[in-house]
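**Student:** Build me a structure from this.
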Amino acid sequence: MSKLKIGVIGTGNIFRHIHAPGWLSLPEVELVAACDSNRELAEAAAKDFGIPRIYTDYREMLEREELDAVGISTPNLFHSEISIFALNRGIHVFCEKPDAINPAEARKMAEAARQSGKVLMVMRNNRFTQASQFLKRYIDSGAMGDIYTGRTGWIRRRGIPGRGGWFTTKALSGGGPLIDLGVHMIDLAIWLMGNPKPMSVSASTYTKFAGTTISDPNLKQVTGRPVGGTFDVEDLASGFIRFQNGATLQIEFSWASNIEHESKFLELRGTLAGCSMQNDDLKLFTEIEQVLCDITPRFPKTGDQAHHLNIRHFIDCVFGRTEPIITPEYGVDMIEILSAIYESAETQTEVRL
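**Tutor:** From the prediction side, this is the model:
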């Protein structure tokens with residue numbers, strides 16, 4: 001079997017710590033070119049990961065290289081632009097989340113994927129943890145009954161990524177923790193709930209810690225920068241989503257708030273059972289023989305491989321070995337939800353989708 005030739009665009013921290021190890025873990029792929037507008041970053045990536053050719057213009061790379069697929073890990077603003085350019089050239093696309101910074105761009109991406117017939121997949125690594133995969137099978141078996149409500153969030157005490165850089169600049173990022181962290185957990189909740197269509201949202205956002213100089217030392221990949229630069233995004237978002245099937249979901253996401261410690265959580269309530277995931281530790285709540293029972297699944301210790309498994313799933317889809325569980329249509333729904341949340345917060349009204 002010939003190897004897929006992969007080009008990567010954006011060689012910063014997300015690429016170095018997440019994407020590169022994922023690509024290199026797969027014998028079916030070969031990293032043949034790297035592109036970054038910062039030539040020094042591209043050169044460093046090429047040296048560290050054995051990539052033979054570098055570029056500073058992604059268009060030049062995509063036009064000159066004979067690529068099968070491209071991996072995108074740039075600032076959010078450029079996700080849709082690069083994805084569409086690649087798809088229009090017949091190249092499969094794997095992109096870091098979020099899909100785009102507004103619904104119109106997400107819809108353009110989905111249409112480009114449809115017309116090209118190529119795989120477009122955006123990172124949804126939380127679907128690939130052992131707990132999430134087990135819980136999906138458990139729910140799909142009918143063991144939880146009708147899932148009618150839930151709550152999810154990812155809240156930090158002090159963990160603002162790249163403060164003063166592109167993460168906190170709305171024109172480049174599209175938003176704060178809602179679009180950074182919310183994509184992960186809202187997607188996971190909706191996927192587990194059976195992908196109900198969103199109907200309306202009501203939400204609020206806050207910016208209270210733009211001037212903080214404190215960073216949580218436990219967050220290894222969250223780096224603080226000196227006060228200054230742009231900070232025009234929220235540092236906390238909370239809200240409520242209604243779905244067409246009557247189900248509801250409460251949400252809360254923050255980079256900074258006065259809580260005890262960072263928490264990533266998901267709770268779902270079903271008519272036959274409920275579940276709780278706290279930082280990927282799963283518990284089930286049900287009844288057996290008229291007795292209330294708590295069940296704690298035990299998973300083998302394998303390390304954090306969810307990102308790698310997401311990239312492997314993309315490659316399996318490219319080879320036609322499986323059908324994608326992450327589709328461009330899900331991405332459109334996600335960005336429409338996020339956009340409606342921001343609109344609701346700005347107008348202080350419920351927004352229908």
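
**Student:** Next, the contact list for residue 338, please.
**Tutor:** Each residue near residue 338 by C-beta atoms under 8 Å, 6 or more residues apart in numbering is listed here: 98, 174, 175, 178, 179, 182, 183, 186. C-beta: built from backbone N, CA, C; applies to glycine.

**Student:** ditto for residue 247
**Tutor:** Residue 247 sits next to 147, 148, 149, 150, 193, 196 when contact means C-beta under 8 Å, 6+ apart.

**Student:** re the thing from before, may I ask which two of the contacts of residue 338 are separated the most?
**Tutor:** Spatial extent of those (C-beta to C-beta) is set by the pair 174 and 186 at 14.5 Å.

**Student:** ok, back up a step: report the buried members of the contacts of residue 247.
**Tutor:** Among these, those buried by neighbour count (16 or more other C-beta atoms under 10 Å) are 147, 149, 150, 193, 196.

**Student:** and stretch 71-85, what's its mean pLDDT?
**Tutor:** What stretch 71-85 shows for mean pLDDT is 98.

**Student:** now stretch 196-215
**Tutor:** If you average the pLDDT over stretch 196-215, you get 94.

**Student:** Could I get the full set of helices for the protein?
**Tutor:** Ranges of helices in the chain, per DSSP state H, are 13-14, 20-24, 39-49, 58-64, 79-88, 103-116, 130-140, 170-173, 177, 183-192, 306-318, 328-347.

**Student:** Can you name every helix or strand that the first one contacts?
**Tutor:** Spelled out, it's helix 13-14. For helix 13-14, there is no helix or strand it packs on, judged by 3 or more C-beta pairs under 8 Å, 6 or more residues apart in numbering; DSSP states H and E.

**Student:** and if you look at the fifth one?
**Tutor:** Helices and strands in packing contact with helix 79-88 are listed as helix 58-64, strand 69-72, strand 92-95, helix 103-116, strand 120-122; criterion 3+ C-beta pairs under 8 Å, 6+ apart.

**Student:** one step back: now the buried ones among the contacts of residue 247 in TSV, with distance to residue 270?
**Tutor:** Below are the buried ones among the contacts of residue 247 laid out as TSV (distance: C-beta to C-beta, whole Å):
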residue	distance to residue 270
147	5
149	9
150	9
193	9
196	13
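
**Student:** one step back: dump the helices and strands packed on helix 79-88 to TSV, plus distance to residue 330 and mean neighbour count.
**Tutor:** Formatted as TSV, those follow (distance: least, C-beta to C-beta, whole Å; neighbours: other C-beta atoms under 10 Å):
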stretch	distance to residue 330	mean neighbour count
helix 58-64	25	17
strand 69-72	17	25
strand 92-95	13	26
helix 103-116	9	19
strand 120-122	9	26
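
**Student:** Helix or strand with the lowest mean pLDDT in this structure?
**Tutor:** helix 13-14 (a mean of 94; mean pLDDT, DSSP states H and E).

**Student:** Work out the gap between it and the centre of the chain.
**Tutor:** The chain centroid and the centroid of helix 13-14 are separated by 14 Å, computed with C-alpha atoms, centre = their mean, to the nearest Å.

**Student:** Likewise for stretch 338-353?
**Tutor:** With C-alpha atoms, centre = their mean, you get 21 Å for stretch 338-353.

**Student:** Only C-alpha atoms, please: export it in PDB.
**Tutor:** Extracted C-alpha coordinates of stretch 338-353, given in PDB (Å, rounded to 0.1, in the frame of the first residue of the first chain):
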ATOM      1  CA  LEU A 338     -21.800  29.100  18.800                       C
ATOM      2  CA  SER A 339     -22.800  32.100  16.600                       C
ATOM      3  CA  ALA A 340     -26.300  32.000  18.100                       C
ATOM      4  CA  ILE A 341     -24.800  31.900  21.600                       C
ATOM      5  CA  TYR A 342     -22.700  35.000  20.900                       C
ATOM      6  CA  GLU A 343     -25.700  36.700  19.400                       C
ATOM      7  CA  SER A 344     -27.900  35.900  22.400                       C
ATOM      8  CA  ALA A 345     -25.300  37.200  24.800                       C
ATOM      9  CA  GLU A 346     -25.000  40.500  22.800                       C
ATOM     10  CA  THR A 347     -28.800  41.000  22.400                       C
ATOM     11  CA  GLN A 348     -29.800  39.500  25.800                       C
ATOM     12  CA  THR A 349     -32.500  37.500  24.100                       C
ATOM     13  CA  GLU A 350     -33.200  33.900  23.100                       C
ATOM     14  CA  VAL A 351     -32.000  33.200  19.500                       C
ATOM     15  CA  ARG A 352     -33.700  30.700  17.400                       C
ATOM     16  CA  LEU A 353     -31.800  28.600  14.900                       C
END
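
**Student:** what pLDDT, on average, does that stretch get?
**Tutor:** 98.

**Student:** how about it: buried residues?
**Tutor:** Going by neighbour count (16+ other C-beta under 10 Å), the buried part of stretch 338-353 is 338, 339, 340, 341, 342, 344, 345, 351, 353.

**Student:** Could you single out the nearest of the residues you listed to residue 291?
**Tutor:** Nearest to residue 291 among those, counting by C-beta to C-beta, is residue 341 at 40.4 Å.

**Student:** For residue 182, see how far away the closest residue to the closest one other than its chain neighbours is.
**Tutor:** Nearest residue to residue 341 in three dimensions, chain neighbours excluded: residue 203, at 4.2 Å (C-beta to C-beta, 6 or more residues apart in numbering). According to C-beta to C-beta, to the nearest Å, residue 203 and residue 182 sit 10 Å apart.
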